[in-house]
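Peer 1: Next one to model:
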Amino acid sequence: MLNLLRKDFIALKSSLWMILMYLAVFSIAFIPSHDMSIYLVGIYTAFASISLATMIDIKNHNHHFLVTLPISRKHIVQAKYIAAIVLMLFAVLASYGLHWLVNLLVPELNKPNFALQDILIQLVILLVLVSIYMPLFYALSKKGAGVINAIFLISLIILGRFMTYFIQMMSEGSMVGDQLLFIFPIVILLMFIASYYLTIKLFTRKDL
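Peer 2: I've put the predicted structure just below:
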């Protein structure tokens, strides 16, 4: 398991500049003009980074190689889900740190103050995205991975307005928002676990 995780991050090491580029591009695009930029920068950077990690697997034919080794397919999937969580945390915390720095150095932008709740909301949204993305990636793999990535990234851009409304409702402290903030993470966590087991089932049955 640890070796599989190391493999993922060693493969990403040479593409670290791309993750930093995603962070920079989304920051430049959203921070000066969008009150909800902390969410958009974190979510877009995280998902772009996860997509990059899966495309590296496709490019290097990693799955074809790994299944020839005495390694359980369950562990291969498990490592990818853990790597996705690590990338989520990196992107969300980097976005939080960047916004804290902007508030300190450029107060005239009048960015709102952010709290732990803002980090949790980003993670909840990302768990939903990964829960949908991973089974599709492992089901379609090389044949459809590029298409899936393109569709997801375009959908994120198109649904940006809806996400902003949802985030505002979760953040405002209304009765509905408070109920969602309590119930939604539990539902999403169950969805993430179900996605994990579905992905294992799909990948186990797949011929490579």
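Peer 1: C-alpha only now, for contacts and for neighbours.
Peer 2: Noted.
Peer 1: what helix or strand is Thr199 on?
Peer 2: Thr199 is part of helix 175-205 when elements are defined by DSSP states H and E.
Peer 1: How about that helix, which residues are buried there?
Peer 2: 177, 181, 184-185, 188, 192, 195-196, 198-203 (16 or more other Cα atoms under 10 Å).
Peer 1: Rounded mean pLDDT for it, please.
Peer 2: For helix 175-205, mean pLDDT is 81.
Peer 1: which helices and strands does it pack with?
Peer 2: Applying 3 or more Cα pairs under 8 Å, 6 or more residues apart in numbering; DSSP states H and E, one finds that helix 175-205 makes contact with helix 73-105, helix 116-158, helix 160-171.
Peer 1: Show me what counts as buried in the first one.
Peer 2: Of the residues in helix 73-105, those buried by neighbour count under the rule 16+ other Cα under 10 Å are 73-74, 76-81, 83-85, 87-92, 94-96, 98-100, 102-103.
Peer 1: Show me what it is packed against.
Peer 2: Right, helix 73-105 is packed against helix 2-13, helix 37-59, helix 116-158, helix 175-205 by 3+ Cα pairs under 8 Å, 6+ apart.
Peer 1: what does the next helix or strand after the shortest one rub up against?
Peer 2: To tie it back to what came earlier, the one meant is helix 2-13. Sequence order places helix 16-30 as the next helix or strand after helix 2-13, per DSSP H and E. Under the contact criterion Cα atoms under 8 Å, 6 or more residues apart in numbering, helix 16-30 has outside partners Ser37, Leu40, Val41, Gly42, Tyr44, Thr45, Ala48, Ser49, Ala91, Ser95.
Peer 1: try stretch 196-208
Peer 2: Defining contact as Cα under 8 Å, 6+ apart, one finds that stretch 196-208 is touched by His63, His64, Arg73, Lys74, Val77, Gln78, Tyr81, Ser131, Met134, Pro135, Tyr138, Ala139.
Peer 1: export it as PDB, just CAs?
Peer 2: The C-alpha trace of stretch 196-208 is given here as PDB (Å, rounded to 0.1, in the frame of the first residue of the first chain):
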ATOM      1  CA  TYR A 196     -14.700   3.100  -3.300                       C
ATOM      2  CA  TYR A 197     -16.300  -0.300  -3.200                       C
ATOM      3  CA  LEU A 198     -18.000   0.100  -6.500                       C
ATOM      4  CA  THR A 199     -14.600   1.100  -8.100                       C
ATOM      5  CA  ILE A 200     -13.000  -2.000  -6.600                       C
ATOM      6  CA  LYS A 201     -15.700  -4.100  -8.100                       C
ATOM      7  CA  LEU A 202     -15.400  -2.500 -11.500                       C
ATOM      8  CA  PHE A 203     -11.600  -2.700 -11.600                       C
ATOM      9  CA  THR A 204     -11.500  -6.300 -10.300                       C
ATOM     10  CA  ARG A 205     -13.800  -7.400 -13.200                       C
ATOM     11  CA  LYS A 206     -12.000  -5.300 -15.800                       C
ATOM     12  CA  ASP A 207      -9.700  -7.000 -18.300                       C
ATOM     13  CA  LEU A 208      -6.500  -5.000 -19.000                       C
END
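Peer 1: That's all I had, so thanks and see you.
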